[in-house]
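Colleague: What shape does this take:
(one chain, ligands or ions: 2)
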Amino acid sequence: MGYHAWFQCFNDDCQEKYQLNEIIYNCRKCGSLLEVKHDMNALKDKSPQEWKSLFDSRQRTIDFPYGSSIWGKKEWVLPEIENRNIVSLFEGHTNLFRAERFGNTIGVEDVWVKMCGNSHTGSFKDLGMTVLVSQVKQMISEGKPIKAIACASTGDTSAALSAYCAAAGIPSIVLLPKNKVSTAQLVQPLANGAKVFSLETDFDGCMALVQKLCGEESIYLANSMNSLRIEGQKTISVEICQQFGWDVPEFVIIPGGNLGNVSALGSGFMMMKELGLINRLPRIVLAQAAQANPLYLSYIKRFKEFHPVQAKKTLASAIQIGNPVSVYKAIKALQQFDGIVEQATEEELANAAALGDVCGMFNCPHTGVALAVLQKMVNRGIIKKADRVVVISTAHGLKFSGFKTAYHQQAIEGIDCKYANLPIEMPPDLHSVLEALNKIK
Ligand SMILES: *Cc1c(COP(=O)(O)O)cnc(C)c1O
Ligand SMILES: [Zn+2]
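Modeller: Ligands and ions are numbered 1, 2, ... in the order given. All right, here's what the predicted structure looks like:
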């Protein structure tokens, strides 16, 4: 078939190339991030219709590894990897559902939520991790001296890394900011047998340290500055179009922290457009927590400059990042997609998540950020009543039971929890239950 992919320096003035089995995260010439590039001419050997039929035919098959939504698009992801080295937990194929009642409540008719958290470890991080860990397994099989894979994490990357490493039998090391990840997120890597280091710092501190740790060739870096992860995550866009019968929504709203996922989203749409599977692009809206909003601050200055910030504590802990590694990739993507950046305060994100829950969802706080931003876009008339909007839900709400409990106990300082709902305690008799029901009416 002759499909081929390689790493290429993201800096347009440099564009240095490297092989995918090199242990490299930044360009050796200029220090920029790398991207995975594909031989697009080779991929044009199939017509758009042939690609669509191929991807559709593989959906959920048990023919390994194509039943995974990532590896069902293997030719677009890592065309040259040997199937026996693929580490897959059948990720992807997450549900995309129409949030009709939520939409009606806020004044839009065609809102859809892409449940990327309904996956093996409960967040979209699985989509990229299957690609990275598979490529490492391939490199180990070729004799590369990799002994372990490491990451810094706000909780979900470490969960995904440790699960895929455990499945592959490769040791994993995770660096977490102490007391800044949820209990579930801490237990996940512990359960999967990772070496977990809990550090007196924030995510940005862990990120700086893990890059030094991975200066050693024997420890491979799994953060999203490693563009192998982006290759897996970009299939989110392909899946969305596929689920709409190869149609494109008007808007996609996505919460962002380190800003790898928004770059991935853009990259998936661009690839489909270039290969003719779609003929237009959506507008992308990047949603940030106001407590950790460096890209928002840059956006309001039309991206003329970017300054890292000290991220403040936010309920949306997975995006509490002040110095996002993939910021320039994100800016490029947003410029290509007529992008918008908007922010949500703690109260806005908490109440938007809860309003979604009241309408049948069970949102993580990051999805709350995206839903709050959707409300703002609707109120401002940027998103119109009939526009088709997809909200990317990044993690499963059950990972964040602490956030939800605090919300319903109205125990989040400074926030008016509009939809708080607590159990009513009473003796176990019918009379008491009926009396309580009457009071509610
Ligand atoms: C990682 C993560 C994000 C942010 O993704 P980036 O690629 O870092 O922008 C958002 N939500 C959740 C739940 C995450 O785990
Ligand atoms: Zn370079």
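Colleague: Tally up the residues packed near Leu277, please.
Modeller: The tally of other residues near Leu277 (other C-beta atoms under 10 Å) stands at 20. Every residue, glycine included, has its C-beta placed from N, CA and C.
Colleague: That one: which element?
Modeller: Using DSSP states H and E, Leu277 is not contained in any helix or strand.
Colleague: Contact partners for it?
Modeller: Contacts for Leu277 were tallied using C-beta atoms under 8 Å, 6 or more residues apart in numbering; they are 48, 51-52, 238, 241, 246.
Colleague: switch to 7 Å and redo it
Modeller: Counting by C-beta atoms under 7 Å, 6 or more residues apart in numbering, Leu277 touches 48, 51-52, 246.
Colleague: For Glu35, see how far away it is.
Modeller: 20 Å (C-beta to C-beta, to the nearest Å).
Colleague: cool, Leu186 as well?
Modeller: Counting by C-beta to C-beta, the gap from Leu186 to Glu35 is 32 Å.
Colleague: ok, how many other residues are close to the residue in the stretch 51-200 of the chain positioned nearest to ligand 2?
Modeller: Going by C-beta to the ion, ligand 2 is nearest to Gln135 of the stretch 51-200 of the chain, at 20.6 Å. Neighbour count of Gln135, defined by other C-beta under 10 Å: 24.
Colleague: And for the closest residue to it other than its chain neighbours, the neighbour number?
Modeller: Nearest residue to Gln135 in three dimensions, chain neighbours excluded: Leu228, at 5.3 Å (C-beta to C-beta, 6 or more residues apart in numbering). Neighbour count for Leu228, taken as other C-beta under 10 Å: 26.
Colleague: OK, contacts around Leu228?
Modeller: Contacts of Leu228 (C-beta under 7 Å, 6+ apart): 36, 131-132, 135.
Colleague: got a pLDDT number for the nearest residue to Gly107 once chain neighbours are set aside?
Modeller: In this structure, Gly107 finds its nearest non-sequential neighbour in Val378, 5.3 Å apart by C-beta to C-beta, 6+ apart. Val378 carries a pLDDT value of 98.
Colleague: quick one: Val378 and Glu109 touch, right?
Modeller: No: at 10.7 Å, Val378 does not count as touching Glu109 under the criterion of C-beta atoms under 7 Å.
Colleague: of those two, who's got more company?
Modeller: Just comparing Val378 and Glu109: by other C-beta under 10 Å the higher neighbour count belongs to Val378, 19 against 14.
Colleague: measure that one to Arg101 for me?
Modeller: 15 Å.
Colleague: So stretch 349-369, near ligand 1 or not?
Modeller: Yes: using C-beta under 6 Å from any ligand atom, a contact is recorded between stretch 349-369 and ligand 1, made by 364, 366.
Colleague: how long is that stretch from one end to the other?
Modeller: Start and end residues of stretch 349-369 are separated by 5 Å (C-alpha to C-alpha, to the nearest Å).
Colleague: how about that stretch: buried residues?
Modeller: 349-357, 359, 361-369 (16 or more other C-beta atoms under 10 Å).
Colleague: From those, which land in strands?
Modeller: Among the buried residues of stretch 349-369, no residue falls in strands (DSSP state E).
Colleague: Out of those residues, list just those in helices.
Modeller: If you go by DSSP state H, the buried residues of stretch 349-369 have 349-357, 365-369 in helices.
Colleague: ok, back up a step: farthest-apart pair in the contacts of Leu277, please.
Modeller: Trp51 and Trp246 (9.7 Å; C-beta to C-beta).
Colleague: if you count what's nearby, which of the two comes out ahead?
Modeller: Each of Trp51 and Trp246 has its neighbours counted (other C-beta under 10 Å); Trp51 has more, 21 against 17.
Colleague: can you tell me how far the residue nearest to the more buried one when sequence neighbours are not counted sits from Ser237?
Modeller: Closest residue in space to Trp51, ignoring its immediate chain neighbours: Leu277 at 5.9 Å, by C-beta to C-beta, 6+ apart. The gap separating Leu277 from Ser237 is 10 Å, by C-beta to C-beta.
Colleague: And Asn104, by the same measure?
Modeller: 26 Å.
Colleague: same question, Lys180
Modeller: 30 Å.
Colleague: So which of those two has more stuff around it?
Modeller: Ser237 (27 against 21).
Colleague: about what we covered before: next step: the contacts of Leu277 restricted to helices.
Modeller: Among the contacts of Leu277, the members falling in helices (DSSP H) are 48, 51-52.
Colleague: restrict these to contacts with ligand 1.
Modeller: Okay, of these, nothing touches ligand 1 (C-beta under 6 Å from any ligand atom).
Colleague: And the residues you listed, which is closest to Lys147?
Modeller: Among these, and counting by C-beta to C-beta, the member closest to Lys147 is Trp51, at 38.3 Å.
Colleague: hang on, isn't the closest one packed against Glu274?
Modeller: No: at 11.5 Å, Trp51 does not count as touching Glu274 under the criterion of C-beta under 7 Å.
Colleague: Write out the residues of this structure neighbouring ligand 2.
Modeller: Neighbours of ligand 2 within the chain, by C-beta under 5 Å from the ion: 9, 11, 14, 16, 27, 29-30, 32.
Colleague: Could you identify which of these has the most neighbours?
Modeller: Highest neighbour count within the residues of the chain next to ligand 2: Cys9, with 22 neighbours (other C-beta under 10 Å).
Colleague: Could you give the bridge partners of that one?
Modeller: Cys9 has the following beta-bridge partners by DSSP bridges: Leu34.
Colleague: Confirm Lys304 sits in a strand?
Modeller: No: in this structure, Lys304 is coil, not part of a strand, as judged by DSSP: H, G, I helix; E, B strand; the rest coil.
Colleague: Is ligand 1 within reach of stretch 79-95?
Modeller: No: using C-beta under 6 Å from any ligand atom, no contact is recorded between stretch 79-95 and ligand 1, whose separation bottoms out at 13.2 Å.
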